[in-house]
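Visitor: here are the coordinates; sequence isn't available:
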């Protein structure tokens, strides 16, 4: 089915380990986004990408790295995971057009011990 | 820092009644506003968007926008137990449009049968 998929859906890791969260979309949307969602903070933008090889920081980028070599994939890497990065991570994409909005993937629940 | 404020709730409404959800935003230049519904453990899904002052109706949902007061609301008529969810208000950036959304922390709505 077309849409956004994220993997893994659940991940437990330890402090200091590197973790990569995957995001794949079948729509070929130019814009893609990574958010984290925490109680009391709502959805906060980590990084976004306007196209392949074009990425930019969002509100909370520290400790995260992104890449986008292909339009359909937008992986998010935690280079050295910390407990404060325990969260639910959502990937989103934005269709072209003035009256469009962002559509979200199913999310990845990450627990850092 | 652009902000979107929502009452966190929980808001409890009897089945069949009208649920009223409110949101204020600080970015006076925002032009587009969105309401997302998020069931527990799921990703946000778009239910309404509004760009112009006034009311916009879609089935049982009505979005209201007052740019002068920087106020957005969502009314749900004939509330159903399936409407129990967290509702996120989002405002598009005045500088970047729908590529940059600022989300509120959400209002948790419970419909009481």
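Guide: Ah, there it is. Remember, predicted model here, so these are calculated numbers, not experimental data.
Visitor: contacts, neighbours, all on C-alpha from now
Guide: Noted.
Visitor: burial measure for residue B:38, as a count.
Guide: 21 (other Cα atoms under 10 Å in any protein chain shown).
Visitor: residue contacts, residue 21?
Guide: Because you didn't say which chain, this covers chain A. A:6-8, A:75-77, A:108 (Cα atoms under 8 Å, 6 or more residues apart in numbering or on different chains).
Visitor: nope, chain B
Guide: With Cα under 8 Å, 6+ apart, residue B:21 has these contacts: B:73-75, B:107.
Visitor: Helix, strand, or coil at it?
Guide: strand (DSSP: H, G, I helix; E, B strand; the rest coil).
Visitor: Show me what it is bridged to.
Guide: residue B:74 (DSSP bridges).
Visitor: per-residue confidence at it?
Guide: For residue B:21, the model assigns a pLDDT of 97.
Visitor: re the thing from before, just the buried subset of the contacts of residue A:21, please.
Guide: A:6-7, A:75-77, A:108 (16 or more other Cα atoms under 10 Å in any protein chain shown).
Visitor: Turn those into TSV, including distance to chain B and pLDDT.
Guide: Below are the buried ones among the contacts of residue A:21 laid out as TSV (distance: Cα to the nearest Cα, whole Å; pLDDT from 0 to 100):
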residue	distance to chain B	pLDDT
A:6	11	97
A:7	14	96
A:75	18	98
A:76	18	98
A:77	20	98
A:108	10	98
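Visitor: mind listing which of those are in strands?
Guide: Using DSSP state E, A:6-7, A:76-77, A:108 are the members of those that sit in strands.
Visitor: ok now stretch B:42-54, how far from the chain's centre?
Guide: 7 Å (Cα atoms, centre = their mean, to the nearest Å).
Visitor: wait, stretch A:73-82
Guide: Counting by Cα atoms, centre = their mean, stretch A:73-82 comes out at 9 Å from the chain centroid.
Visitor: what does stretch A:19-31 give?
Guide: From the chain centre to the centre of stretch A:19-31 is a distance of 8 Å (Cα atoms, centre = their mean).
Visitor: Look through chain A and state the residue closest to chain B.
Guide: residue A:42 (4.0 Å; Cα to the nearest Cα).
Visitor: doesn't residue B:101 make contact with that residue?
Guide: No. Judged on Cα atoms under 8 Å, residue A:42 makes no contact with residue B:101 at a distance of 11.9 Å.
Visitor: So between those two, which is more surrounded?
Guide: Just comparing residue A:42 and residue B:101: by other Cα under 10 Å the higher neighbour count belongs to residue B:101, 25 against 16.
Visitor: Now do the contacts for the residue lying closest to the more buried one once chain neighbours are set aside.
Guide: Among residues not flanking residue B:101 along the chain, residue B:92 sits closest, at 4.5 Å (Cα to Cα, 6 or more residues apart in numbering or on different chains). Residues in contact with residue B:92 (Cα under 8 Å, 6+ apart) are B:30-33, B:98-102.
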